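Enquirer: model the structure of this input:
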Amino acid sequence: MSNRARILLIGYRKFSELINSVVAEYKDQAEIIIVESVASGSVDYHALVKEHKPDVVASAGSNAAYLQNSLKIPVIAQPVTDTDIVDAVARARRIGERIHVFTYSAQPDNQSRLFTALPSLLGNCLQHESYTTTDEAAERLLAMAAAGETDVVVGPSYICELASRRGLPAVLLYSRESARQMLDEALRQARVRSAERDTVQQPGRFVIDSPQMSRVAELARTYARGNAAVLVQGESGTGKEHIARELHQASDYCDGALVAINCGSIPNELFESELFGYVDGAFTTSRRGGRVGLVEQANGGVLYLDEIGEMPLSQQVKLLRVLQERSVRPVGSTREFALDFKVIAATNSDLQAAVDAGTFRDDLYYRLNVFSLRLPPLRERPEDVSAIAEHYLREYAQQYGAELNVVTLMRKLSGPFKEYRWPGNVRELQNFSERLAVNAAHGVSIDELTLHELLPELFTPSHAEQLPPGLLKEQEARAIADAMRRFSGDKAAVSKALGISPTTLWRRLREMDWNEGFGTQGVGDKKSKQYSRA
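Expert: Down below sits the predicted model:
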């Protein structure tokens, strides 16, 4: 099977000719299918996509805008740069004096500064028409041709064809360089979709053997239908990303991409350009041709908001608007793109507590919490431990070529596994399994003695288990109280100094019955039931 990307190009004749002039440069990277068409309601583009099964679609001008609003898969628009316009006008000038330029724009009144400068440079021999639909473009061209005051037309492929039918010379607005920019962006997005598809098609079996997780799986299949948001909550390592992939596969959006965003890792200054994209020349360091944002890449698929509880308040309001309006406006653009996607958000924090503390917007919380899935930690579903361990042991034994008697090994592990608290949940169990398989592949005999060396965590009581009951809470409360006094009640400084989130700090202060003016009465004495020794 070919690993090349599949790109479906839709446009009119001169557009096709231009693409054909550079397509040989991409023969090793992409299979490019060209369909000559002017985008309109008379053509079933969904059937066209179903027939050719492209990773992405590419087009230009009003064609691209129509397809972006009609199709669920990404549609890449060919950029028009100022250089393209100047070059096309220069070629037109060699044909005739009076030049008429047609350009597509979602908002025609927002005229480029270039078109206010060019007429004065060319002695007012240049006229510019901006249109929003092909019908509007055809009407304006007919009026222009009837006036008889034009020697040559510059515009997109469809405009050039209409001009030629009326005996007017025409110059294509686009250049080979802009065609390459479009194909490069199409390739990039095709690879993103291909990687997502490969991951989704081979996610590893979702192993469950407990009634709790069976109920979660049943709810997930129900919540996958329709476009309502799903909020997945659970400790780190419980399988939130895996559930998100299961939801994606079972949803009405399974043919689209699963685009994951780590909400706590995007700097404020890059948030809008990363999520919403930008147009060519939007800011000084923007790359040529612009960039499609992560939200738009999820169009027709699933937008997975990982660690949503870590998103700063300043970013939450921007995300909320996109989720409410189901549209996005790239940075520097004057138009919005309608979007259709399913939202899955995941968090290991208590979002309701964060809302109460004022660190998470309540309107965004209710927007995300239409359906809620809570993943229990592994220690609360011991029936799953053996089933998951056996699955991963066999999987890693095959991956590393290890001879591993899984049944015998599980007999040795059943006792320690049953006593262990699994602070790292399924991810930790997976790590243990890989550790055992790798050592077995290198000839290590996994007997009782070796298990103490390979999995010391199972046989070493945690620090919390060694402390007398209640002492850990008391020490934690003392540390928080000392830090609150040291930083004069500055919660941001305290949470940073203690290495805990503001939400966790707020919750601990509430448990301690902390009074801003007087501190807490219960730290280290008998007045606090929560923090006294048992």
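
Enquirer: can you pull out the strands in the stretch 101-250 of the chain?
Expert: 126-131, 152-155, 170-172, 230-234 (DSSP state E, counting those that start in this stretch).

Enquirer: who does the last one pair up with?
Expert: Based on DSSP bridges, the strands next to strand 230-234 in the sheet, each with its direction, are strand 342-347 (parallel), strand 371-375 (parallel).

Enquirer: helix or strand right after the first one?
Expert: Right, strand 342-347. helix 351-357 (DSSP states H and E).

Enquirer: list of residues touching stretch 394-407?
Expert: With contact meaning Cβ atoms under 8 Å, 6 or more residues apart in numbering, stretch 394-407 is reached by 204, 390, 393, 433-434, 436-438, 440-441, 446. In short, each C-beta sits where N, CA and C put it, glycine included.

Enquirer: what distance separates that stretch from the centre of its chain?
Expert: Relative to the centre of its chain, stretch 394-407 is centred 34 Å away, using Cα atoms, centre = their mean, to the nearest Å.

Enquirer: with stretch 49-58 instead?
Expert: In this view, stretch 49-58 has its centroid 21 Å away from the chain centroid, taken as Cα atoms, centre = their mean.

Enquirer: columns distance to residue 244 on top of the strands paired with strand 230-234, output as TSV?
Expert: As requested, the strands paired with strand 230-234 are arranged in TSV below (distance: least, Cβ to Cβ, whole Å):
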stretch	distance to residue 244
strand 342-347	5
strand 371-375	10
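
Enquirer: as a markdown table, these with distance to residue 299 and mean pLDDT would be great.
Expert: Output for these, formatted as a markdown table (distance: least, Cβ to Cβ, whole Å; pLDDT from 0 to 100):
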| stretch | distance to residue 299 | mean pLDDT |
| --- | --- | --- |
| strand 342-347 | 11 | 96 |
| strand 371-375 | 21 | 95 |
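
Enquirer: deepest of these, which one?
Expert: strand 342-347 (a mean of 26; mean count of other Cβ atoms under 10 Å).

Enquirer: other residues contacting it?
Expert: Contacts of strand 342-347 (Cβ under 8 Å, 6+ apart): 226-234, 240-241, 244, 247-248, 251-253, 301-310, 323, 368.

Enquirer: who does the residue lying closest to residue 118 once chain neighbours are set aside form a beta bridge with?
Expert: In space, and not counting its chain neighbours, residue 118 is closest to residue 126: 5.3 Å by Cβ to Cβ, 6 or more residues apart in numbering. Beta-bridge partners recorded for residue 126 (DSSP bridges): residue 99.

Enquirer: ok, residue 126 - contacts?
Expert: Residue 126 neighbours (Cβ under 8 Å, 6+ apart): 89, 99-101, 118-119.

Enquirer: distance of it from residue 377?
Expert: Per Cβ to Cβ, to the nearest Å, residue 126 is found 69 Å from residue 377.

Enquirer: and what of residue 181?
Expert: Residue 181 is 48 Å from residue 377, by Cβ to Cβ.

Enquirer: please say which of those two ends up with more neighbours.
Expert: Neighbours were counted for residue 181 and for residue 377 using other Cβ atoms under 10 Å; residue 181 has more, 20 against 17.

Enquirer: report pLDDT for the more buried one.
Expert: With respect to pLDDT, residue 181 scores 89.

Enquirer: my read: it touches residue 79, true?
Expert: Yes. Contact criterion Cβ atoms under 8 Å: residue 181 and residue 79 qualify, at 5.6 Å.

Enquirer: which helix or strand lies directly C-terminal to the helix or strand bottoming out on mean pLDDT in the chain?
Expert: Of the helices and strands making up the chain, the lowest-confidence element is helix 463-466, at a mean of 46, by mean pLDDT, DSSP states H and E. Going down the chain from helix 463-466, the next helix or strand is helix 471-486, by DSSP H and E.

Enquirer: surely residue 437 meets residue 393?
Expert: Yes. Counting by Cβ under 8 Å, residue 393 is a contact partner of residue 437 at 6.3 Å.

Enquirer: closest to residue 412 among the contacts of stretch 394-407?
Expert: For the contacts of stretch 394-407, the residue nearest residue 412 by Cβ to Cβ is residue 446; the value is 7.8 Å.

Enquirer: what about the closest one, which SS state?
Expert: Following DSSP: H, G, I helix; E, B strand; the rest coil, residue 446 is assigned to coil.

Enquirer: quick one: contacts for it?
Expert: By Cβ under 8 Å, 6+ apart, the neighbours of residue 446 are 404, 409, 412, 436, 439-440, 454.

Enquirer: let's go with 10 Å and repeat that
Expert: Contact partners of residue 446, counting by Cβ atoms under 10 Å, 6 or more residues apart in numbering, are 402, 404-405, 408-409, 412-413, 436-437, 439-440, 453-455.

Enquirer: can you list the residues you listed in JSON lines and add distance to residue 482 and secondary structure?
Expert: Formatted as JSON lines, the contacts of residue 446 follow (distance: Cβ to Cβ, whole Å; DSSP: H, G, I helix; E, B strand; the rest coil):
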{"residue": "402", "distance to residue 482": "50", "secondary structure": "coil"}
{"residue": "404", "distance to residue 482": "50", "secondary structure": "coil"}
{"residue": "405", "distance to residue 482": "53", "secondary structure": "coil"}
{"residue": "408", "distance to residue 482": "52", "secondary structure": "helix"}
{"residue": "409", "distance to residue 482": "47", "secondary structure": "helix"}
{"residue": "412", "distance to residue 482": "45", "secondary structure": "helix"}
{"residue": "413", "distance to residue 482": "42", "secondary structure": "helix"}
{"residue": "436", "distance to residue 482": "43", "secondary structure": "helix"}
{"residue": "437", "distance to residue 482": "46", "secondary structure": "helix"}
{"residue": "439", "distance to residue 482": "44", "secondary structure": "helix"}
{"residue": "440", "distance to residue 482": "48", "secondary structure": "helix"}
{"residue": "453", "distance to residue 482": "39", "secondary structure": "helix"}
{"residue": "454", "distance to residue 482": "40", "secondary structure": "helix"}
{"residue": "455", "distance to residue 482": "37", "secondary structure": "coil"}
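
Enquirer: which residues touch the residue of the chain positioned farthest from its centre?
Expert: Distance to the chain centre peaks in the chain at residue 148, reaching 51.2 Å (criterion: Cα atoms, centre = their mean). Shown in contact with residue 148 (Cβ under 10 Å, 6+ apart): residue 98.

Enquirer: tell me the pLDDT at it?
Expert: 85.

Enquirer: how about it, phi and psi?
Expert: The phi and psi values for residue 148, taken as degrees, to the nearest 10, are phi 70, psi 30.

Enquirer: where's it relative to residue 164, distance?
Expert: 17 Å.

Enquirer: residue 501 now?
Expert: Counting by Cβ to Cβ - residue 501 and residue 164 are separated by 64 Å.

Enquirer: now do the helices in the stretch 201-350 of the chain.
Expert: According to DSSP state H, counting those that start in this stretch, the stretch 201-350 of the chain carries its helices in the segments 211-223, 240-250, 271-276, 294-297, 313-325.
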